[in-house]
Every structure is written in structure tokens, then in C-alpha cells.
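# Kindly generate the corresponding structure for this input.
(chains A, B, C and D)
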Number of protein chains: 4
Amino acid sequence: MFAIAITLLALDLRVPHVEHVTAGSLAHAVLHEWPAYFAFVLSFATILIMWINHHARMAWVQRVDGLLIFSNGLVLLMIAALAFPTALVGEYLTGPGGTTAVATYALFVLGTSAAWNVFMVALQPERGLLRPGVSLAAVSATRRRVRLGLVFYAITAGLALVNAYLGLGLLVAMWCFWGRTAYRALNTSARIPDPFYDDPGES
Amino acid sequence: MFAIAITLLALDLRVPHVEHVTAGSLAHAVLHEWPAYFAFVLSFATILIMWINHHARMAWVQRVDGLLIFSNGLVLLMIAALAFPTALVGEYLTGPGGTTAVATYALFVLGTSAAWNVFMVALQPERGLLRPGVSLAAVSATRRRVRLGLVFYAITAGLALVNAYLGLGLLVAMWCFWGRTAYRALNTSARIPDPFYDDPGES
Amino acid sequence: MFAIAITLLALDLRVPHVEHVTAGSLAHAVLHEWPAYFAFVLSFATILIMWINHHARMAWVQRVDGLLIFSNGLVLLMIAALAFPTALVGEYLTGPGGTTAVATYALFVLGTSAAWNVFMVALQPERGLLRPGVSLAAVSATRRRVRLGLVFYAITAGLALVNAYLGLGLLVAMWCFWGRTAYRALNTSARIPDPFYDDPGES
Amino acid sequence: MFAIAITLLALDLRVPHVEHVTAGSLAHAVLHEWPAYFAFVLSFATILIMWINHHARMAWVQRVDGLLIFSNGLVLLMIAALAFPTALVGEYLTGPGGTTAVATYALFVLGTSAAWNVFMVALQPERGLLRPGVSLAAVSATRRRVRLGLVFYAITAGLALVNAYLGLGLLVAMWCFWGRTAYRALNTSARIPDPFYDDPGES
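Numbering: from 1, shown residues only, chains lettered A, B, ... in the order given. From the prediction side, this is the model:
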């Protein structure tokens, strides 16, 4: 599902409609769509990092229950829905609606963050879903980071109303933070099961 | 296929076109699309619950035949098609076409329910496709619930013609009912094979 | 890929735009889209049956080579492209463009049929890709049916230019024929590996 | 993800809007869309060949790290984005914007090529991710080809600005070259794990 959501983002890269087509006017129109490319890359990176983290979280689990499955469904719902604010930012960033567009984007990311928090509640050690060997320190550290995200994205949504580019900068900064965390986790683990590497086609 | 159908629903969350863009008018236009968000969440939850139930049903099967495969294809067809009435409700709910939109939605869910009924006919114990250990009481209970759904959705389609919000309320109520059933089944089974948990990437 | 192509067909079920929305006018507009529903069901069934047959063919193979992979890619290309003539029939069937729309649809199916013929050439027993136990009679029977399809769809494309509904009737008839073949194959085999049943999530 | 990106390309085959519909005018409009069909086939073949090569590359890997996962994500991002210049070429090839459209397409392929180069850096033998038996000569040959691609696509983007069809011809030529390489690799290897053959549904 992450694979589908991440690929569907490309549908928001729309071909521009140009009145008087020349090589120059079309080039101008293509370049003029830069907010759409930027929003595409931002959301692609966001979903990619969540995909990697989701995979690492799922490797902790040995048993599922209703709360885990439904909170997981909530995460997937928010990730599927991210295509909407992505298109909104792509279309309205540079105009007077930029603050609304970025604030909406931040609110959707806030909703995703809330879903992750419910997901981490489902993974609380005392609920008994974790594998025996899982480090409880790693679980708490993840819960703290996920809770921090909730606060951060709420603030970002507010600041985006003041200035669209400030909001966007905070979102990119947070993405760098999560990306670095995921990158390090991949490097320190000898072998993380991974959706890109473990092709289901390989026996 | 459930994963794809559920993600494609997000394509109906369209960016609003605003004449005179200001931060306020865009915010208003985004909020004005709430029926589309509502329909998205409703259909997402519907397909998610069907996905969980489909998975649990398939765990009963040890052999497939033509009727099972074709009734399964019918279920998948109706689930793929659900994006259409979802978009219809998203666009027409609040206007004078609301009753038609919700009734159409209920008719599509009725069709899905009919497909599930054929599917449960294919799973009748005397047809010999079930695994040896499967509880026949659970199979009959599921058949009864699925038959009940057929009656319920037919009534809902009729009542939606009287009042769109009444129809929508009945659909949400039914979703809560199915959701609770799936939630309980997940909690009582020690370990249900599950599409979210069993990532094909994990060996 | 079959799963994706089959689900994407639903994107051609578009929400109608109604000038003066009333419960009646919207209902009329929704019913007026019946050619789109019909084309959706026809293409869904076509791809579903090809999916089942493709799966059965792949069960014959023990080794792949360049020709098999590329002819397989050609089959996938034509199946992905089927969404285009499906939308064409959905939009133009009932008007004066109906003959062109159905003939185009038949030409795309003809192309798919040609791709299947190349695929069956790759599977010729003397090329050594088949598993030891595969019945050579079944392989020749399949090759004959696939060659027959090529002739049949060429004739259908021609007759569709004379009458759109005649062309559509022939396509439906051929779909019934392929469907019956697939249905019987599923019933006579004790256990066919199947994409719907064998969920990758089940170990 | 390759499967999704390759299938989504079909969404750019749009149904033409005809003013005065007759069998002839619709046929003319359908034929008039040939640049869209051409761009669809070109991008389909491009992604198909990358898919085969990606699979062969991944068969070399025994361990993943951050750089491999992130460079892999970059490849996937560029492949998902390829739908955009495909649609651009489909819409503007034959008019005065043709040079801009093909040059944009070549720039996106150049970006894909750059992503592949980072990917091959991650696979450098001294980084220790390769399986023991992998031929170092094959790894260097692939790196050279991938570096060659970078130069080739930069030149193609430049020449496309001079003449759209020259640019397109160079892209097709490069696709034939990569295709032949992939075809040969499939024929010389006794058994390459393959996404089309190894259906996850087969145990």
C-alpha cells in the first residue's frame, strides 16, 4: 500500500495547458510548475521514510490484535490521503493561498502523526504484541519521537498560517530528521528486512 | 487488489478551483469539500473491513474451484467500482442530488453484498473447499450476517431516497457493526494471518 | 500488475456533471452512463480471465529466457492499455461514433491476442522452458485457442465497423468462451495455484 | 512499485473530445493521438527494462545499508515521475513545443540515470554489500554502462532542443541498447529470479 500511495503522487504532476504554444512558452509553463515538483518530492520522501520505519516497527511484532490492525489502517488512510494536500501545495503555494495550502498540508501530516501515536500505543510492551528480543529502550525512544512529532506538526500548522515558506521549511527540516534516523537505523542494523530488498519474487 | 482499490479512493479528493484566491477563500473551499473527505473515510473503512474479513475467509479455504474464483472476482469488481459512488456522494451530498447520490452508493454496497453472498455459497461446507478444522458454526454465522447485509442495504437504498443523511447514517452504523465484528475476531484469535502484518518481504 | 490494471479501470467511471441538479436529473445522468459501466464490466472480466489463464500458463514454466520475458512484457503492455478503449466505448458507444469506439476496442484486444501468440511461441516445447510434467496436448490446445482468438478479433474489429452492438456482442461471446474454459480448468484441477487464494502474506 | 508505475502510464491515454462526432471524426481523433501511444510504449519499455535490470542488480545484494535504500528510493522517485514527461510528449510532440517536450523527457531520463549512478556507487564492491559469488567484472561493466548513460542522456537533452524527432530517435536507440543487454543477460543466465515469473502466490 505504501508502494501504491507513493506512486500515485506522480498523478499530481499535470501537463500544463499553454495558450500559444512555442518552445519557450512551454518551457516556461513546465518550469512554472516547480511547486508541484517540490510537493511531489516532499511527499515522496515523507512516505518513503514512513515506509522504512513502518517496516522496522512491524519487525518488532509477533502477534496482532484489533487495536494494532485498526491503528495501522488509520496510518494507511492518512498516507493515502496525503496526495490531496500535496496537490494543494503544488497548485497554490506561490499565490495568496500559499499559507492555507501549507497549513492544510501540515494538518494532514499532523493527522498522520496522530495515527502513528495510536499505533505506538498498540505496540506498548504491556499489551504483549512484541517479539521477546525487542529492545524496550528502542520502543520508548520511538514513542517519544512520535509524540514529539505531534507537537511539532501542530506548531508547524500554526506557523504556516503566518508564512507558507516557513511552514514548508519546518516540514523539510522534520523530514531530514526522520530521514537521518531511518538512515542510521539501516546502517547500524546488520540486516533489516526491507521492502525494496526482499522482493517477494525471490524465494 | 484491496490495497490498490483502497488507495485509489484518494484520487477523488480533488483540489478545489477557486476564482479569487485568498488565504480565506481557499480555506473555505477546502472545508467546503467535507463531503468528499467523509465519503473517502467511509469507503476506506468499508474496504479495510472487507479486506480483513476476506483474509479471514480465505484462511478457511484449502482448495479453490471455478465458483469460488469467479465469485471472488465479483467481490473484487464491486470493491474496485466503489470509487464511483464515493465520488458521487463527495460531489452531490449537500445539494438536491444528495438522495440520489447516497441511494446509488447504497446500491453499489448492495451489489458488493450480493457478491459476498455468492462467495459464501461457494464456501458452503458441502462443496468441500474448506479446511478440515474450520468451525461450521462460524461459517453459518458468517453466512447469516452476509444475508442480513443484503436485506439491510436494500432497505438503506430505499430510505436514502427519502433522506440522504438517514441513508448515510445507516451505512455508518452498518460499518460500525462490521468493524466491531472484525475487531473482535482479531482479538479472540491468537494469530490471524494478516495482510498488514505478513509483509511479503519478510521471509 | 494484473491487479493494478484491473483496479485502474474503475477510474473511467466518472462522476457525471449535471447542469440543474435535482434528485431526478442526477439519477438520469447516473443511469445515462450505462455504457461506461458495461465497458468496465467487460474489461474487468477480460483482464480477470487473462489473469487466471496467465497464472495457469506460468505454472508450466521452469525456466525463463529473453523471449518469454519480453513477450510477457508485451502482454502486460496491452493489458495496461486496455483502459483506453474501455473509456472510449464508455463515452461514445451510444452515439454515431459507436462503431469506431467498438472497432478500436476490438483492435486493442486483437493486439493483446497477438501478444499472447508471441507468448505461446516462447512456450513452444522445443524451446525447453516447460516443466517436465506439462501435458504437450494441453500446450497445443492452448496455442490453437490463442491463434483462433487472433482470427476472431480481426473479424470482430471489421464487423464492429458495420454495427457497434454486433461487435460488442461478439466480444461478450468470446469472453463467455474464455471464461468457460478458465472455469472448467479451475474445476478439473485439484489445486491450481491462484493469485486470489495464495495470499503472499500466508507463509 | 515498478508494476504500479508502469501501469499508471496508461492513464495518459486519454479519450479524445470530439466536437461533431461521426464514425470518421472519432477515428481521426483516435489516430491523431499517436504521439500519446508512442510515448506510452516508449516509457513502458523503459520502465520494463529498468525493472528487469533492477531485479538482476538486487540479486547481487546480500546486505542493505542507508545509502543503498535511499539511492533505491531515488530511482523509484524518478521512475514514478516519468509519467509526467510521457504525458508532455504525448500532448506536445507534433506542435511547436515538441523540442521542449522531448528535452524535458530526456532531462527526466537523465535524472533517472543519475539516480542509477548513485545506486551503483552504493553497490561498489569495497562497500561490502555484494554477495560473495558476484562477478566483479560484471559490476564494473554495469557501472560503466550506467555512467555512459549519464553522458548520453545529457547530449540527447541538448540535441532534442534542436530537433524533437532526433531526440526521440536517440531515446529509442538507447532503449534498444538497454533492451538488448537485458535480453542477452536473460538468455545467458540459466535461471534469473524474475518478477514476472516468480509470482508471490506460488509457494
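# All the strands of chain A, in order from the start?
With DSSP state E, there are no strands along chain A.
# now the longest helix anywhere in it: mean pLDDT?
Under DSSP state H, the helix in chain A containing the largest number of residues is helix A:136-162. Averaged over helix A:136-162, pLDDT sits at 90.
# So which bits of that helix are buried?
Burial within helix A:136-162, assessed by neighbour count using 16 or more other CB atoms under 10 Å in any protein chain shown, is assigned to A:139, A:142-143, A:145-146, A:149, A:152-153, A:156-157, A:159-161. To be clear about C-beta, it is placed using only N, CA and C from the backbone, and glycine gets the same treatment.
# just stretch A:182-190 next, same as before
For stretch A:182-190, a neighbour-count test (16+ other CB under 10 Å) marks A:182-183, A:185-186 as buried.
# show me where chain A has helices.
Assigned helices in chain A, in chain order: A:2-8, A:23-32, A:34-58, A:66-81, A:83-92, A:98-122, A:136-162, A:164-188 (criterion: DSSP H).
# A:A29 touches A:P16, doesn't it?
Yes. With contact taken as CB atoms under 8 Å, A:A29 and A:P16 are classed as touching, separated by 3.9 Å.
# So which residue is smack in the middle of chain A?
Closest residue to the average C-alpha location of chain A: A:T46 at 3.1 Å, with CA atoms, centre = their mean.
# and it, what is it in contact with?
When contacts are counted by CB atoms under 8 Å, 6 or more residues apart in numbering or on different chains, A:T46 is found next to A:82, A:109, A:175.
# Quick check: pLDDT value at the first one.
The predicted structure scores A:L82 at 90 on the pLDDT scale.
# what's the neighbour count on it?
26 (other CB atoms under 10 Å in any protein chain shown).
# Would you mind listing the residues in contact with it?
If you count contacts by CB under 8 Å, 6+ apart, then A:L82 has A:5, A:9, A:43, A:46-47, A:108-109, A:112 around it.
# how about the helices of chain A, which one is nearest D:V75?
Taking CB to CB as the criterion, helix A:34-58 is the member of those that comes nearest to D:V75, at 11.4 Å.
# buried sites along the closest one?
Buried, per 16+ other CB under 10 Å, within helix A:34-58: A:35-58.
# Distance of the residue nearest to A:V162 when sequence neighbours are not counted relative to A:V146?
What sits nearest to A:V162 in space, not counting adjacent residues and going by CB to CB, 6 or more residues apart in numbering or on different chains, is A:T99, at 7.2 Å. As defined by CB to CB, to the nearest Å, A:T99 lies at a distance of 27 Å from A:V146.
# check contacts around A:A106.
The contact partners of A:A106, taken as CB under 8 Å, 6+ apart, are A:153, A:156-157, A:160, A:167, A:170-171.
# which residues does A:G24 contact?
Contacts for A:G24 (CB under 8 Å, 6+ apart) come out as D:T100.
# mind showing which ranges of chain A have poor pLDDT?
Confidence mapping of chain A against pLDDT under 70 gives the ranges A:189-203.
# Mind doing that once more with 80?
In the prediction, chain A carries residues with pLDDT under 80 at positions A:1, A:185-203.
# if we can go back for a sec, count residues in the vicinity of the residue nearest to A:V162, would you?
A total of 23 residues lie near A:T99 under the criterion other CB under 10 Å.
# any chance of the buried residues of stretch A:182-190 in JSON lines, with distance to chain B too?
Rendered in JSON lines, the data for the buried residues of stretch A:182-190 read as follows (distance: CB to the nearest CB, whole Å):
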{"residue": "A:A182", "distance to chain B": "16"}
{"residue": "A:Y183", "distance to chain B": "19"}
{"residue": "A:A185", "distance to chain B": "16"}
{"residue": "A:L186", "distance to chain B": "14"}
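# Give me the distance from stretch A:114-127 to the chain's centre.
Taking CA atoms, centre = their mean, to the nearest Å, one finds stretch A:114-127 lying 18 Å from the centre of the chain it belongs to.
# how near is the closest residue in space to A:T112 that isn't next to it in sequence to D:L68?
Setting aside the residues directly before and after it, A:T112 is nearest to A:M78 in space (CB to CB, 6+ apart), at 3.9 Å. From A:M78 across to D:L68, the span is 28 Å (CB to CB).
# the more surrounded of these two?
More neighbours surround D:L68 than the other of A:M78 and D:L68, with 23 against 20 (other CB under 10 Å).
# wait, the more buried one sits on D:V61?
Yes. Under the criterion of CB under 8 Å, D:L68 is in contact with D:V61, at a separation of 7.1 Å.
# show me the contacts for A:R57.
A:119, A:123, A:142.
# mind listing what the first one touches?
In this structure, A:F119 makes contact with A:57, A:68, A:71-72, A:74-75, judged by CB under 8 Å, 6+ apart.
# And for the last one?
Contacts for A:T142 were tallied using CB under 8 Å, 6+ apart; they are A:57, A:120.
# and the gap between it and D:P35?
Taking CB to CB as the criterion, A:T142 is separated from D:P35 by 50 Å.
# swap in the second one?
A:L123 sits 51 Å away from D:P35, going by CB to CB.
# what does A:G24 give?
Using CB to CB, one gets 20 Å for the distance from A:G24 to D:P35.
# and what of A:L129?
Separation of A:L129 from D:P35 (CB to CB): 54 Å.
# about what we covered before: quick one: which of the contacts of A:L82 is nearest to D:V134?
Using CB to CB, the shortest approach to D:V134 within these belongs to A:I47, at 31.1 Å.
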